[in-house]
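>>> Okay, here's the prediction I keep looking at, along with the sequence it came from:
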Amino acid sequence: MFLDAWIVLKKDLLIEMRTRVVMVQVLPIAGAILIIFGFALGPDNQTLQKAAPGLIWIAIILSCLIAVERSLSIEYPLGRDGLRLLNLDPAGLFLGKALAISIEMIGISFLVVFGSVTLYGSRFNHFTGLLMVVLTCILGSLALSFIGALYGAMSLGSQIRETLVPLLFLPVAAPVLLASTEITAKYLGMTTGSSLKWLGVLIALTISYFAIGFVGFEPLLEER
Amino acid sequence: MPYTISLKNVVSVVGGFPLLAGINFEASFGEIVLISGPNGAGKTSLLRLIAGLIPMTQGSGYVNGLNLQENSQEIRTLVSYVGHRPNMYDDLTALENVIISVGNSHSLSLKVKLSRVKTSKLKEEIIAAFALMGLPDRVSSTKFSRLSEGQKRRVNFIPLLIKDTKIWLLDEPHASIDALSREIIDSSILRAQERGALILIASHELEHVQAIATRTLNIQGGYITSGDQDVS
């Protein structure tokens, strides 16, 4: 399984390195979302800083949606038949696709946080805060990628995949948005109190989405 | 001698839509069977069923002794299926695509995944196969999307030569290709038959494929209307 996952991960990242779609298209979209929200909320720094944690995660989730679409579009020439005929372990295929998306998303999420620091003047309350935001970016990206890869398989043979994926993805991404925003808000000094329970929620979501994808990927790839 | 493929009253329904409506068909190693019929008759569905890609809803079906209903994943490792469109990654080179296609077949997985020495030997085999398919050296390092249609189809055939499976399922293998490509693909098919492979070809190009086929069957509306065998 892990060797199959490695093959898929390497293949997806190789294609990304050659086409640079995530770098050239998805990343600027994330930046544009931060800027547009900046215009919508006005020039008041305090308002922007207060809204920053939520805006960061909205930008990350919308970028992830595009990254999932891109990851799916790589597989269109093969389709379900081609993927199944590669004789890869379905769990390995799921893991490889999800890890490729998450590596891209972790990079994007770091840059979005950096964008928030630059555009909104967000500040981490201490060094641990920076580390916690980094951890949140990693966990949040993993959780979103697991569920994105799963829905990708579900919609691969569908004629309405462009609308189906967002419809399925966004409701399931909402708990990740909530938990990640709470943790990020705490370490950007916007809320007080412990964020540990939200970190627990985020870890639980990441594990649950991995487990659902691991088990659900194979049946979704098959035709019924 | 047991048949390599044996289908009895096979029905396949996908998403509530009947694709095959009671197929009886048997074939043995060493045959080249042309499957003819109009568009939407069920030619592709029959190949996909035998490849374990669509479910068998009713009837009984065996491929090389494996039950189609229970062993579809194992069957996929035994067959080589070429769809009517080249199914490879546009942004990988032709060589990378072939390595991915053959690298995950069970027979070659250890070669590719675990042994660098054998992997490079495999690479040599693949390069030789490119030459056998009449493709110049530079094609192997060219992005798949930049190849001509005929070159794409010939590259799509290379995994079949390397994997050395004994059951080939070819869907319109001669579509959109020139005379030279046809000749090269036909030679590969005939070489596979000489090795004892069973080859099923779904095609509209009857005259051309009949020249190499050992028999023809006609399919219409999900039934085999002629050329089938009495299995009652």
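Right, received. Where do you want to start? None of the values given here were measured: they were computed from a predicted structure. Numbering: from 1, shown residues only, chains lettered A, B, ... in the order given.
>>> tell me the SS of the residue in chain B positioned nearest to chain A?
Chain B approaches chain A most closely through residue B:87 (3.9 Å), counting by Cβ to the nearest Cβ. For glycine as for every other residue, the C-beta is placed from the backbone atoms N, C-alpha and C. Put simply, residue B:87 is coil when judged by DSSP: H, G, I helix; E, B strand; the rest coil.
>>> ok, now which ones touch it?
Contacts of residue B:87 were listed using Cβ atoms under 8 Å, 6 or more residues apart in numbering or on different chains, and they are A:77-79, A:81-82, A:85, B:156.
>>> if we go to 10 Å?
The contact partners of residue B:87, taken as Cβ atoms under 10 Å, 6 or more residues apart in numbering or on different chains, are A:76-79, A:81-83, A:85-86, B:81, B:97, B:101, B:152, B:156.
>>> Next: residue A:49.
Contacts were defined as Cβ under 10 Å, 6+ apart; by that measure residue A:49 touches A:116, A:120-123, A:188-190.
>>> Now with 8 Å, please.
A:120-123, A:188, A:190.
>>> ok so, going back, derive a PyMOL selection command for the buried subset of the contacts of residue B:87.
Those of those that count as buried under 16 or more other Cβ atoms under 10 Å in any protein chain shown are selected in PyMOL with:
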select buried, (chain A and resi 77+78+81+82+83+85+86) or (chain B and resi 81+97+101+152+156)
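>>> Out of the contacts of residue B:87, which sit inside strands?
Of the contacts of residue B:87, the ones assigned to strands by DSSP state E are residue B:81.
>>> shouldn't residue A:146 be in contact with residue A:217?
No. Shown here, residue A:146 and residue A:217 do not form a contact pair, counting by Cβ atoms under 8 Å, at 9.9 Å.
>>> quick one on the thing from earlier: tell me the pLDDT of the residue of chain B closest to chain A.
We have a pLDDT of 82 for residue B:87.
>>> Not counting sequence-adjacent ones, nearest residue to it?
Once its chain neighbours are removed from consideration, residue B:87 has its nearest residue in residue A:82; the separation is 3.9 Å (Cβ to Cβ, 6 or more residues apart in numbering or on different chains).
>>> what sits up against the worst-scoring helix or strand of chain A on mean pLDDT?
Taking mean pLDDT, DSSP states H and E as the measure, chain A has helix A:79-85 as its least confident helix or strand, at a mean of 78. The set of residues that contact helix A:79-85 without belonging to it, under Cβ under 8 Å, 6+ apart, is A:75, A:93, A:156-157, A:221-223, B:48, B:51, B:53, B:76, B:81, B:83, B:87.
>>> could you redo the last one with a cut-off of 10 Å?
With contact meaning Cβ under 10 Å, 6+ apart, helix A:79-85 is reached by A:8, A:75-76, A:78, A:90, A:93, A:97, A:153, A:156-157, A:218, A:220-223, B:44, B:48, B:51-54, B:72-73, B:76-77, B:79-83, B:85-89, B:101, B:104-105, B:159.
>>> ditto for stretch B:9-22
Contact partners of stretch B:9-22, identified using Cβ under 10 Å, 6+ apart, comprise A:157, A:223-224, B:7-8, B:23-25, B:40, B:42, B:44-46, B:48-50, B:53-61, B:68-69, B:219, B:221-224, B:231-232.
>>> How about the residues of chain A by chain B?
Within reach of chain B by Cβ under 10 Å from any Cβ of the partner chain, chain A has these residues: A:3-4, A:6-8, A:10-12, A:14-19, A:21, A:73-90, A:92-93, A:157, A:218, A:222-224.
>>> now with 7 Å?
Applying Cβ under 7 Å from any Cβ of the partner chain, one finds that chain A approaches chain B through A:3-4, A:7, A:11, A:15, A:18-19, A:74, A:77-79, A:81-82, A:84-88, A:223-224.
>>> shouldn't residue A:26 be in contact with residue A:67?
Yes. Using Cβ atoms under 7 Å, residue A:26 is in contact with residue A:67, at 5.5 Å.
>>> about what we covered before: if you count what's nearby, which of residue A:146 and residue A:217 comes out ahead?
residue A:146 (29 against 23; other Cβ atoms under 10 Å in any protein chain shown).
>>> Pass me the low-pLDDT residue ranges in the chain, would you?
I went with chain A, as the question did not name one. Along chain A, the parts satisfying pLDDT under 70 run over A:157-161, A:223-224.
>>> Please refer instead to chain B.
Scanning chain B residue by residue, the ranges that satisfy pLDDT under 70 are B:1, B:103-120, B:227-232.
>>> Please, where are all the helices along it?
Taking DSSP state H to define them, one finds helices in chain B at B:43-50, B:72-78, B:94-103, B:106-114, B:116-132, B:137-140, B:149-163, B:179-194, B:206-210.
>>> Centre of the chain to the helix or strand hosting residue A:174, how far?
The secondary structure element spanning residue A:174 is helix A:161-187 (assigned by DSSP states H and E). Using Cα atoms, centre = their mean, to the nearest Å, the distance from the centre of helix A:161-187 to the centre of the chain it belongs to is 9 Å.
>>> Following element in sequence after it, please.
Reading on from helix A:161-187 to the C-terminus, the next helix or strand found by DSSP H and E is helix A:196-221.
>>> counting contacts, what elements does that following helix pack onto?
Counting by 3 or more Cβ pairs under 7 Å, 6 or more residues apart in numbering or on different chains; DSSP states H and E, the packing neighbours recorded for helix A:196-221 are helix A:79-85, helix A:90-120, helix A:127-155, helix A:161-187.
>>> Would you point out which residue of chain A is nearest chain B?
Among all residues of chain A, residue A:82 sits closest to chain B, at 3.9 Å; criterion: Cβ to the nearest Cβ.
>>> picking up where we left off before, distance-wise, check the residue of chain B closest to chain A relative to residue B:147.
To residue B:147, residue B:87 is 14 Å away according to Cβ to Cβ, to the nearest Å.
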